[in-house]
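A.B. asks: just coords:
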């Protein structure tokens, strides 16, 4: 019984770490995506404003 509880807490810790990693990776990808389409936004913005 005690072993099961220890395994469960280990699993919870691993899950927590995994979730944090996923969040970090997701936010990194999101930041990269934002940087990529930044020039596009600026282009369409300048086009719309100049014309």
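C.D. replies: Perfect, I can see it now. On a predicted model such as this, the values are computed, not experimentally measured, just so you know.
A.B. asks: CA only for contacts and neighbour counts going forward, please
C.D. replies: Will do.
A.B. asks: what about residue 6, distance to residue 15?
C.D. replies: 14 Å (C-alpha to C-alpha, to the nearest Å).
A.B. asks: Please read the previous query as pertaining to residue 26.
C.D. replies: Residue 26 sits 16 Å away from residue 15, taking C-alpha to C-alpha as the criterion.
A.B. asks: which one's the longest helix in this protein?
C.D. replies: Across the chain, the helix with the greatest residue count (assigned by DSSP state H) is helix 2-36.
A.B. asks: Show me where this structure dips below the pLDDT cut-off.
C.D. replies: 1-2, 35-51 (pLDDT under 70).
A.B. asks: rerun at 80
C.D. replies: 1-5, 33-51 (pLDDT under 80).
A.B. asks: Give me the buried positions along stretch 20-29.
C.D. replies: Of all the residues in stretch 20-29, not one is buried under the rule 16 or more other C-alpha atoms under 10 Å.
A.B. asks: how about stretch 3-11: buried residues?
C.D. replies: Neighbour-count burial for stretch 3-11, counted by 16+ other C-alpha under 10 Å, picks out no residue.
A.B. asks: Give me the contact list for it.
C.D. replies: With C-alpha atoms under 8 Å, 6 or more residues apart in numbering as the test, stretch 3-11 has no contacts from any other residue.
A.B. asks: what about residue 15, neighbour count?
C.D. replies: Here the number of neighbours of residue 15 (other C-alpha atoms under 10 Å) works out to 12.
A.B. asks: quick one: it from residue 22, how far?
C.D. replies: With C-alpha to C-alpha as the criterion, residue 15 and residue 22 are 10 Å apart.
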